[in-house]
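1. A predicted structure for the sequence below; I have some questions about it.
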Amino acid sequence: MKFLLKKALNKLTSQQHVFLGFLLYILIGFGLLCLPWLQSDRAVPIIDHLFMATSAVSTTGLTTMSLSDTYTLGGQVVILLLIQIGGLGYLTFTTFLVLKGAQKMTSWHKNILKTEYSLPKSIKIRDFLSAIIKFTLIMEVLGVILYYIAFKQEGMDSGTALWSGIFHSVSSFCTAGFSLFNTSFTGFVDNTLLNVTTSMLCISSSLGFIAIADLGLRLKRTKNHSLSFTTKIITIGTSLLIIVGFIAVYFWEPTVVILDESTRIKAAFFHSMTAVSTAGFNSIAVAPLSLTIILFTIFFMFIGASPSATSGGLTVTTAAAVLAIMKSKLKGQKEVTLFTNRLPYKRLYRATATFVTYTSFIILGTLLLSFSENFELKKILFEITSALGTVGLSMGITADLTDFGKCIIMLLMFVGRVGVITFGLAFWSEEKLTDDQTHTKQTDLAV
């Protein structure tokens with residue numbers, strides 16, 4: 001039996017391994033959340049437990065019911081573990097343990113990790129995994145401490161403040177957007193420490209593990225390691241989007257303009273940050289936002305953050321590659337360049353395929369939901385973009401979706417976490433992934 005199972009697994013492509021790995025996590029989480037002793041409210045339909053498991057593993061944060069009112073402490077722990085697994089990624093932690101045990105990384109591990117993380121050739125997998133685990137541990141522990149202080153300042157008892165700190169630290173770093181508070185962080189819009197802590201965790205993880213590993217190597221070997229082109233694009237792109245979003249909300253959102261200056265700055269920055277990093281938390285109500293800011297938010301959720309990050313979306317690097325293609329073709333250039341750097345065609349093909357496929361999922365999802373649900377188009381488009389981008393922001397329609405609508409959202413959350421290209425290749429590709437790190441003089445860019 002073991003031999004047959006191993007033989008069957010060896011026949012799978014790397015994309016199929018990633019697909020089935022995340023699906024297995026969801027099913028295990030779903031089974032656990034259905035256990036009666038993990039539930040506070042036994043009247044919740046079974047599809048909502050599946051929705052919760054899918055949202056947790058995909059680190060999205062969309063929910064059809066109150067997390068704190070539906071599950072006991074044990075149930076909340078299960079959800080937290082699903083978020084952590086979904087944030088770190090399939091096989092990341094287990095492969096790290098293999099390396100720590102002085103064992104060699106098999107080609108099976110390498111191929112799957114290269115499928116899940118589109119790594120540029122300048123970063124080695126061993127350094128990459130080490131940076132992921134260490135950085136995650138440091139940031140989440142720091143987050144627990146800062147959240148604990150912030151919640152104690154709000155008058156919580158020590159036990160509640162500690163658990164809230166642990167839960168929200170993991171949820172923030174994994175950009176999951178899950179909160180133990182039914183109105184997310186709207187009750188803490190003026191809490192400076194909580195705003196800073198959440199933003200620090202979400203932005204640092206949304207930069208992506210590629211950038212984190214790259215920056216870590218730069219700090220260790222200042223003279224021998226230069227930042228990759230991918231890291232530079234991620235840093236510039238993410239910063240630019242957050243700044244633009246902040247300016248838009250600060251000046252043009254009526255519900256923010258009326259706030260006092262200090263609160264106005266915090267609210268504008270937090271909303272821009274949560275949309276760009278696909279964190280999913282909100283410190284101001286989303287439904288009353290003006291159409292202008294709704295469209296800005298949809299655009300930021302569509303673009304998303306970085307490859308190999310806990311966040312989702314099209315990714316900044318893919319958007320940059322698509323813009324580079326447009327610019328080069330409009331100028332009649334034979335080569336596609338970005339900031340004078342020539343991009344390899346294999347990355348351009350992937351970026352184009354990702355953009356077309358991602359946009360197609362948005363259009364198809366919006367079309368299907370418009371047939372089954374009776375909501376305004378802006379609310380449907382917002383929900384679809386949030387689900388596929390694994391963001392978690394909503395205009396308040398998630399709980400009122402039909403079972404068909406919930407299935408559509410679950411599918412999009414899963415696709416968003418696995419990746420649209422990986423999802424497609426899991427069904428249509430018959431070739432196993434091989435090491436495609438070619439020796440090229442072109443500038444590599446992870447997309």
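-> All right, it came through fine.

2. could you confirm Ile384 falls within a helix?
-> Yes - residue state for Ile384 (DSSP: H, G, I helix; E, B strand; the rest coil) corresponds to a helix.

3. in terms of helices and strands, where is the nearest residue to it once chain neighbours are set aside?
-> Nearest-residue entry for Ile384: Gly365, 4.2 Å, with adjacent residues in sequence omitted and distances by CB to CB, 6 or more residues apart in numbering. C-beta coordinates here come from the backbone N, C-alpha and C atoms, glycine included. Assigned by DSSP states H and E, Gly365 belongs to helix 345-372.

4. can you list the helices and strands that that helix packs against?
-> Contact here means 3 or more CB pairs under 8 Å, 6 or more residues apart in numbering; DSSP states H and E; on that basis helix 345-372 packs against helix 316-330, helix 377-388, helix 403-418, helix 420-428.

5. give me that answer again for 10 Å
-> helix 291-303, helix 316-330, helix 377-388, helix 403-418, helix 420-428 (3 or more CB pairs under 10 Å, 6 or more residues apart in numbering; DSSP states H and E).

6. flag the shaky bits of the stretch 101-250 of the chain, pLDDT-wise.
-> Low-confidence segments of the stretch 101-250 of the chain, defined by pLDDT under 70: 101-128, 216-225.

7. from Leu82, how far out is the residue nearest to Gly86 when sequence neighbours are not counted?
-> Leaving aside its chain neighbours, Gly86 sits nearest to Val57 (4.1 Å; criterion: CB to CB, 6+ apart). Look at Val57 and Leu82: by CB to CB, to the nearest Å, they are 5 Å apart.

8. who touches both of the two?
-> Here Val57 and Leu82 share the contacting residues 25-26, 28-30, 176, scored by CB atoms under 10 Å, 6 or more residues apart in numbering.

9. what ranges do the strands span in the stretch 201-350 of the chain?
-> Assigned strands in the stretch 201-350 of the chain, in chain order: 337-338, 341-342 (criterion: DSSP state E, counting those that start in this stretch).

10. quick check: which of those is buried the most?
-> A comparison of those by mean neighbour count, using mean count of other CB atoms under 10 Å, puts strand 337-338 on top with a mean of 17.

11. in its sheet, what does it sit against?
-> strand 341-342 (antiparallel) (DSSP bridges).

12. Gly21 reaches Val418, doesn't it?
-> Yes - Gly21 lies in contact with Val418 (CB atoms under 10 Å); the separation is 9.1 Å.

13. give me the more crowded residue out of the two.
-> Neighbour comparison, Gly21 and Val418: the larger count goes to Val418, with 22 against 17 (by other CB atoms under 10 Å).

14. next up, the contacts around the most centrally placed residue in the chain.
-> With distances taken as CA atoms, centre = their mean, Ser311 lies nearest the centre of the chain, 1.9 Å away. Residues near Ser311 by CB under 10 Å, 6+ apart: 59, 87, 174-176, 202-203, 205-208, 238, 276-280, 304-305, 389-391, 416.

15. cool, and Ile233?
-> Per CB under 10 Å, 6+ apart, neighbours of Ile233: 211, 306, 315-317, 319-321, 324, 338-339, 341, 443, 445-447.

16. so how far is Ile203 from the residue nearest to Asp190 when sequence neighbours are not counted?
-> Excluding the flanking residues, the one nearest Asp190 by CB to CB, 6+ apart is Thr263, at 4.9 Å. Plainly put, Thr263 is 20 Å away from Ile203 if you go by CB to CB.
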